[in-house]
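S.K.: fold the following for me, if possible:
(one chain, ligands or ions: 1)
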Amino acid sequence: MPTNSSSLHLPFGENKNAQWYGKDILSVKQFSRADLEYIFGVAHEMRGMVERVGTFDLLKGKILANLFYEPSTRTSSSFTAAMERLGGSVIPISEVKYSSVTKGESLSDTIRTLECYADVIVLRHPETGSAEIAAKAAKKPILNAGDGVGEHPTQALLDAFTIKAELGKLDNLTVTMLGDLKYGRTVHSLARLLSNFTNIKLNYVSPDILKMPKEVLDEVAEKKVPQAEYSSLEKILPETDVLYVTRVQKERFEDPADYEKVKGAYVIDPEIMKPAKKEMIVMHPLPRVGEISTDFDDDPRAAYFRQMEYGLYVRMALLAMVLGKA
Ligand code: ASP
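M.R.: As a prediction, this is how the structure comes out:
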């Protein structure tokens, strides 16, 4: 992470020629390794600034519209915190039932409305591809904060930043993803993003009906990243550097009986973690609903609460970049 030269354009004026100015963040597929290193460098600077001064005026006068059609705690509040720590302000629309969406307004029209008032829009929506539809309608940058079972690119960026901050590298790692790999959008984005790095091995552990989609497996395979699927964690836990645990996505199941069959399929606790390395981390995008026992929370390898904090720095970086300030 570069620390010697600052890439923040302090204090005023935006750089319209900056590479990321006005860009949408829709999918991790848009990032090269160099892009990722740049983003992590800016996030690292943001971390330093928050630690030193807390809040500063990089985005003073800028407005973010936070448009959430699905529930959110971390993504929505960390984007709000990110904007406010950068001196900007936020239009929060997390109860779309109180907006014109209930009157039948289309996503495109809602987006066209909000961009009259805001400089950047963060969108979470239950349909895959919705962020792209929004981006087509908008002149201002759209940041995809989760589009159904599609992608969650800003989560994958903060996940990778967490790995780099905690383990000091993103190459030469064995990453094991566990749980609902079919409906979990965070693992779809993370598997794709990690395939940019060298000597990465990806293990997928899930019940048979919740396997990683073929589309993601094929894309990762194209980058020559070794992948293996398992139904149990036992065999691969000792070699794992990052154990990425996910929640079974109850809201995505067509048949509730299927959810009942697989809920609680895996529970990480201190006993299960005994064969794991001393120097490894356990991550989770959260919320957890029983996949990680609270008994494990005090283990130094439990990185899921630190992971949330790293999310603030990454989202500050992304806002500054698309608004021409980094
Ligand atoms: N918060 C993450 C998401 O929005 C993970 C989850 O909900 O399980 O995808």
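S.K.: list the buried ones in the least confident helix or strand in the chain by mean pLDDT?
M.R.: Lowest by mean pLDDT, DSSP states H and E among the helices and strands of the chain is helix 256-262, with a mean of 94. By 16 or more other CB atoms under 10 Å, the buried positions in helix 256-262 come out as Tyr259, Val262. (Glycine included, C-beta is placed from N, CA and C.)
S.K.: now do it: distance to the chain's middle.
M.R.: Its chain's C-alpha centre lies 26 Å from the corresponding centre of helix 256-262 when counted by CA atoms, centre = their mean, to the nearest Å.
S.K.: does it reach the ligand?
M.R.: No. Using CB under 6 Å from any ligand atom, helix 256-262 stays clear of the ligand, coming no nearer than 13.5 Å.
S.K.: identify the residues contacting that helix?
M.R.: Contacts of helix 256-262 with the rest of the structure, by CB atoms under 8 Å, 6 or more residues apart in numbering, involve Asp180, Pro207, Ile209, Leu210, Val248, Lys250, Phe253.
S.K.: pretty sure Ser231 is one of the things Asp208 touches, is it not?
M.R.: Yes. Counting by CB atoms under 8 Å, Asp208 does reach Ser231; the two are 6.7 Å apart.
S.K.: ok, those two, which is more surrounded?
M.R.: For Asp208 versus Ser231, the count of surrounding residues by other CB atoms under 10 Å is larger for Ser231: 12 against 9.
S.K.: any idea how far Tyr244 is from that one?
M.R.: Noted for Ser231: a distance of 17 Å to Tyr244, by CB to CB, to the nearest Å.
S.K.: same question, Ser99
M.R.: Ser99 sits 34 Å away from Tyr244, going by CB to CB.
S.K.: ok, now Glu14?
M.R.: 36 Å.
S.K.: neighbour-wise, which of these two wins?
M.R.: Shown here are Glu14 and Tyr244; by other CB under 10 Å, Tyr244 has more neighbours (30 against 18).
S.K.: report the beta-bridge partner residues of that one.
M.R.: Under the criterion DSSP bridges, Tyr244 forms beta bridges with Met177, Met283.
S.K.: so which strand or helix has the closest residue to the ligand within the stretch 101-250 of the chain?
M.R.: At 4.1 Å from the ligand, Arg247 is the closest residue in the stretch 101-250 of the chain, using CB to the nearest ligand atom. Taking DSSP states H and E as the definition, Arg247 sits outside all helices and strands.
S.K.: same check on Leu157?
M.R.: helix 153-167.
S.K.: could you say what helices and strands that helix packs with?
M.R.: helix 33-53, strand 142-147, strand 173-178, helix 185-194, strand 242-245, strand 281-283, helix 304-322 (3 or more CB pairs under 8 Å, 6 or more residues apart in numbering; DSSP states H and E).
S.K.: mind putting the ones you listed in TSV, distance to Ala81 and mean pLDDT included?
M.R.: Output for these, formatted as TSV (distance: least, CB to CB, whole Å; pLDDT from 0 to 100):
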stretch	distance to Ala81	mean pLDDT
helix 33-53	10	97
strand 142-147	14	98
strand 173-178	27	98
helix 185-194	20	98
strand 242-245	24	98
strand 281-283	20	98
helix 304-322	6	98
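S.K.: let me have the ones you listed in TSV, adding distance to the ligand as columns.
M.R.: Listed next are the helices and strands packed on helix 153-167 as TSV, based on distance: least, CB to the nearest ligand atom, whole Å:
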stretch	distance to the ligand
helix 33-53	19
strand 142-147	5
strand 173-178	13
helix 185-194	5
strand 242-245	10
strand 281-283	11
helix 304-322	10
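S.K.: and the ones you listed: which comes nearest Arg112?
M.R.: For Arg112, the closest of the helices and strands packed on helix 153-167 is strand 142-147, at 11.8 Å, according to CB to CB.
S.K.: between helix 153-167 and the closest one, find me the angle.
M.R.: 80 degrees (axes from the mean of the first three to the mean of the last three CA atoms, to 10 degrees).
S.K.: only alpha carbons, please: show strand 142-147 as PDB.
M.R.: Below are the C-alpha coordinates for strand 142-147, written out as PDB (Å, rounded to 0.1, in the frame of the first residue of the first chain):
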ATOM      1  CA  ILE A 142     -23.900   4.500  -9.500                       C
ATOM      2  CA  LEU A 143     -22.300   2.300  -6.900                       C
ATOM      3  CA  ASN A 144     -23.800  -1.200  -6.800                       C
ATOM      4  CA  ALA A 145     -24.400  -2.100  -3.100                       C
ATOM      5  CA  GLY A 146     -25.800  -5.500  -4.000                       C
ATOM      6  CA  ASP A 147     -28.100  -6.500  -6.900                       C
END
